[in-house]
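Asks: my questions concern the predicted model and sequence given below.
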Amino acid sequence: MNSDSRNGDLLVFDLDGTLVDSKDDLTAAVNATRAWMGLGPLPPEEVSRYVGNGAPALVRRALPNAGEAAWSHGLKYFLEYYREHMLDSTRLYPGVREALDQLHGAQIPLAVLTNKPIRFTLQMLEGLGLDLHFFRVYGGNSFPEKKPHPIGLEALIAESRSDRSRTLMVGDSAVDIETARNAGVRACGVRWGFQPETFAASPPDFLIDDLRELAEIVKQASCAPNPELRD
């Protein structure tokens, strides 16, 4: 990972549903696990609603009637399957690579904060050719607590030496918005992704339809005399 950073805007991105469309591979892993346990498949839309709080929570939701022992075996199977198949169908959302290229080229500190296990996160970013865009990447097991606990976001603010008022959390669900609120920073919601409907209960400061919109907002704000992220 690129360790260079500077004072100024810090953009922290969720991964699944924000930067990458991983719905098909997550659904395949969930349904492979359910088949292994003698259960029928779940539709992608249902699996998407279960994503956001980490792999253990995802598997628990996908196996609602499993006891602790069965859930533990199911989680192990899911992780092993997903490790081998996480990049079968997963792709970047339109505009993501271009936006990250622009922001990275402008020397704006970028980071990833996801509840996906860190080894999978790093493998995915490397496989998609994005690993050098971020000065730091944290996953769901990087800290004692997962999002929406602010511990990861607080660490990124401290490590980048960025101003909290110019830090922005970008995500596709209420989990990301609540993480931002808990850390006292602004939140940008994306209208694509897995759970944008959850913004009704936890509204972001503003919404975007394409990540390239955010790149333009941030670059313009960074060049202003008194830069602030605009609505």
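Replies: Received the coordinates, thanks.
Asks: what helices or strands is the helix or strand of the chain with the lowest mean pLDDT leaning on?
Replies: When the helices and strands of the chain are scored by mean pLDDT, DSSP states H and E, helix 211-223 comes last with a mean of 86. On a contact count with 3 or more C-beta pairs under 8 Å, 6 or more residues apart in numbering; DSSP states H and E, helix 211-223 meets helix 96-105, strand 167-171. Bear in mind the C-beta positions are built from the backbone N, C-alpha and C, glycine included.
Asks: just give me the longest helix of this structure.
Replies: Secondary structure of the chain per DSSP state H: the longest helix is helix 68-85.
Asks: please identify the buried residues of that one?
Replies: 71, 74-75, 77-79, 81-82, 85 (16 or more other C-beta atoms under 10 Å).
Asks: adding pLDDT, write the residues you listed out as CSV.
Replies: Listed next are the buried residues of helix 68-85 as CSV, based on pLDDT from 0 to 100:
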residue, pLDDT
Trp71, 94
Gly74, 96
Leu75, 96
Tyr77, 97
Phe78, 96
Leu79, 96
Tyr81, 97
Tyr82, 96
His85, 97
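Asks: closest to Glu145 among the residues you listed?
Replies: Leu75 (18.8 Å; C-beta to C-beta).
Asks: any idea how far Ala106 is from the closest one?
Replies: Distance, Leu75 to Ala106, by C-beta to C-beta, to the nearest Å: 40 Å.
Asks: residue boundaries of the helices in this protein?
Replies: Along the chain, the segments classed as helices by DSSP H run 23-36, 44-50, 55-62, 68-85, 96-105, 118-127, 151-160, 174-183, 211-223.
Asks: which helices and strands does the shortest one pack with?
Replies: Judged by 3+ C-beta pairs under 8 Å, 6+ apart, helix 44-50 is in contact with helix 23-36, helix 55-62.
Asks: who wins for proximity to His133 among these?
Replies: Proximity to His133, assessed across these by C-beta to C-beta, is greatest for helix 23-36 (21.1 Å).
Asks: tell me the angle of the closest one relative to helix 118-127?
Replies: Angle of helix 23-36 versus helix 118-127, following axes from the mean of the first three to the mean of the last three C-alpha atoms, to 10 degrees, is 140 degrees.
Asks: name the residues that touch helix 23-36?
Replies: Contact with helix 23-36 is made by 16-17, 40-44, 47-48, 50-51, 58-59, 62-63, 74, 77-78, 81-82, 85-90, 194, as judged by C-beta atoms under 8 Å, 6 or more residues apart in numbering.
Asks: ok, 6 Å please
Replies: For helix 23-36, the surrounding residues in contact (C-beta atoms under 6 Å, 6 or more residues apart in numbering) are 41, 44, 47-48, 62, 74, 77-78, 81-82, 85-86, 88-90.
Asks: sorry, back to before: dump the helices and strands packed on helix 211-223 into TSV; add mean neighbour count and distance to Asn182 as well.
Replies: What follows is these, written out as TSV (neighbours: other C-beta atoms under 10 Å; distance: least, C-beta to C-beta, whole Å):
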stretch	mean neighbour count	distance to Asn182
helix 96-105	18	24
strand 167-171	26	10
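Asks: figure out which of the helices and strands packed on helix 44-50 is closest to Asp176.
Replies: The closest of the helices and strands packed on helix 44-50 to Asp176 is helix 55-62. By C-beta to C-beta, the value is 15.1 Å.
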